[in-house]
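Asks: Just a sequence and a predicted model for now, questions to come.
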Amino acid sequence: MREETDLAVPPRGPEHDADPTETPGFVEAVLGAIETRDVDALKAIVSDLHETDVAHLLEALPAADRPQLIELLGSDFDFTALTELDETVRVQILEELPTQTVVEGVRDLDSDDAVYILEDLDDADKQEILANLPIPERAALQRSLDYPEESAGRRMQTEFIALPPFWTVGQALDYIGETEGLPEVFFEVFVVDPSYRLSGSVPLDRLLRTKRGVKLGDVVMPDRHVVRATDDQEDVARIFERYNLISAPVVDEGERLVGVLTIDDIVDVIQEEADEDLKALGGVTGDEELSDSFWYIAKSRFSWLLFNLIAANLASFVIAMFEGELQRMVALAVLMPIVASQGGNAATQTMTVAVRALATRELRPSNARRVIARELLVGLFNGVVFAVIMAAVVFARFGIADLGFVIALAMIINLLAAALGGIMIPLILDRLKVDPAVSSGPFVTTITDVVGFFAFLSIASLWF
């Protein structure tokens, strides 16, 4: 068994960054160790893996074997790996594990990781786990969980170093070097008054370069980018991005220091928000994951598809208004989808840029007119170019010069409508406090289809 396990362990080193679950025989070796309850073999396989690789391993295992892996590893299992899992898989695992196993695992985590794991559980399970934690740890986690979802308070780490201004640099360095239980990674020492109101911070480089006898109050730097615990995590991420921050203090409504946000937390936020926006543009709810069940995914996508069905029927009613013209000239039916399709693609391009610009606050009332005018010019230019191309194609194909003129004019009108709708709909929805990433798509599609069909068929009916 030992030989087989050693062969299954993926090679180590910077040149071997592939997912270990793709190593031949790796997952099978883990399953074999779980089945025989060979703890030593299991530890030999898993102990050196990064928590992200452990998460990939858990996802590769059958659902019934995931809790067994964690229980067999015991204290050697790093619960940080659960933060890398899809929410559905993570919750399933936590519900199968004994409460005491979860409690012990959560105790070893940084507070922000512990909150991330607990926040998705049912209230009953959450409270059961919290009730088994020591009072100081329970109070810190409960305080973070009481903040709104997707707020800085949910993301912050409550472990930090806060010292009074009358301490000297030497005292601070001795405290950092001799005290157990301090954060594993930190970038500054915070200076607070007796009521924990934040005075500022002393970066580690400044601390190490200052003589030991100097008081912290004399070298403290005021924090210009203080985050409130109730601030939205997306707004906080934007501050980090704009000012190139590595960390930022978090204060409560009384200006008391309650936590710290670090760049690794913000990278996760940026990834989550980008993922949500990308899914929303495609009509998929932001929390949909690959591990979700068939029924959940079907229900979450239904409303979007229903709206699109209604929009498609509206477009079909417009077509039905010109049934006589379509019967007289079959070429209209052949060419009609081209106009609508081209407009839909152009509108999607404009809408995607607009939604992203709104999300990053690059598109604001101060520059909205300039952006709208630019998009209209782009729509007009593309409309004229494609109108000329289509007019030539239609004349070569059908030999009817007037038909080429009709589709050219319809193409210009629809691309202008696409440009206007693609920029105005996200702006209007944002003004109405509706997420433009979620709601823009169906409206834009409806506009381009209806305008495209109506423009082409109405011009044709008047011309011929």
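Replies: Arrived safely, thanks for sending.
Asks: list the helices and strands the helix or strand encompassing residue 102 packs on?
Replies: Per DSSP states H and E: residue 102 is located in helix 99-107. With contacts taken as 3 or more Cβ pairs under 8 Å, 6 or more residues apart in numbering; DSSP states H and E, helix 99-107 sits against helix 65-73, helix 111-118, helix 123-131. No exception for glycine: its C-beta is placed from N, CA and C like everyone else's.
Asks: Contacts for the second one next, please.
Replies: What that stands for is helix 111-118. With Cβ atoms under 8 Å, 6 or more residues apart in numbering as the test, helix 111-118 has contacts from 79-80, 82-83, 90, 94, 106, 109, 126, 129-130, 140-141, 144-145, 154-159, 259, 265.
Asks: what's the answer for the first one, then?
Replies: When contacts are taken as Cβ under 8 Å, 6+ apart, the neighbours of helix 65-73 outside the stretch itself are 30-31, 33-34, 37, 39, 42-43, 46, 57-58, 61, 77, 89, 92-93, 96-98, 101, 105.
Asks: So what's the model's average confidence on stretch 245-257?
Replies: What stretch 245-257 shows for mean pLDDT is 93.
Asks: ok, now stretch 341-353?
Replies: 87.
Asks: what's the offset of that stretch from the middle of its chain?
Replies: For stretch 341-353, the separation from the chain centroid amounts to 23 Å (computed by Cα atoms, centre = their mean, to the nearest Å).
Asks: got the buried residues for the helix or strand containing residue 300?
Replies: Using DSSP H and E, residue 300 sits in helix 294-320. Residues of helix 294-320 classed as buried: 300, 304, 307, 311, 315, 318, 319 (neighbour count, 16 or more other Cβ atoms under 10 Å).
Asks: Nearest to residue 236, out of the residues you listed: which one, please.
Replies: Among the buried residues of helix 294-320, residue 300 lies closest to residue 236 (Cβ to Cβ), at 27.4 Å.
Asks: Residue 146: neighbour count?
Replies: 10 (other Cβ atoms under 10 Å).
Asks: confidence score at it?
Replies: Looking at residue 146, its pLDDT is 94.
Asks: For it, which residues are in contact?
Replies: Contacts of residue 146 (Cβ under 8 Å, 6+ apart): residue 153.
Asks: what sits against the residue nearest to residue 52 when sequence neighbours are not counted?
Replies: Leaving aside its sequence neighbours, residue 52 sits nearest to residue 84 (Cβ to Cβ, 6 or more residues apart in numbering; 5.0 Å). Residue 84 makes contacts with 51, 52, 54, 55, 56, as judged by Cβ under 8 Å, 6+ apart.
Asks: on that earlier part again, export the buried residues of helix 294-320 as JSON lines, with columns for distance to residue 65.
Replies: Compiled in JSON lines, the buried residues of helix 294-320 are given as follows (distance: Cβ to Cβ, whole Å):
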{"residue": "300", "distance to residue 65": "28"}
{"residue": "304", "distance to residue 65": "36"}
{"residue": "307", "distance to residue 65": "41"}
{"residue": "311", "distance to residue 65": "46"}
{"residue": "315", "distance to residue 65": "50"}
{"residue": "318", "distance to residue 65": "56"}
{"residue": "319", "distance to residue 65": "55"}
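Asks: Closest to residue 349 out of those residues?
Replies: So of the buried residues of helix 294-320, ranked by how close each gets to residue 349 (Cβ to Cβ), first place is residue 311, at 18.9 Å.
Asks: rewinding a little: identify whichever of the helices and strands packed on helix 99-107 lies nearest to residue 442.
Replies: helix 111-118 (32.9 Å).
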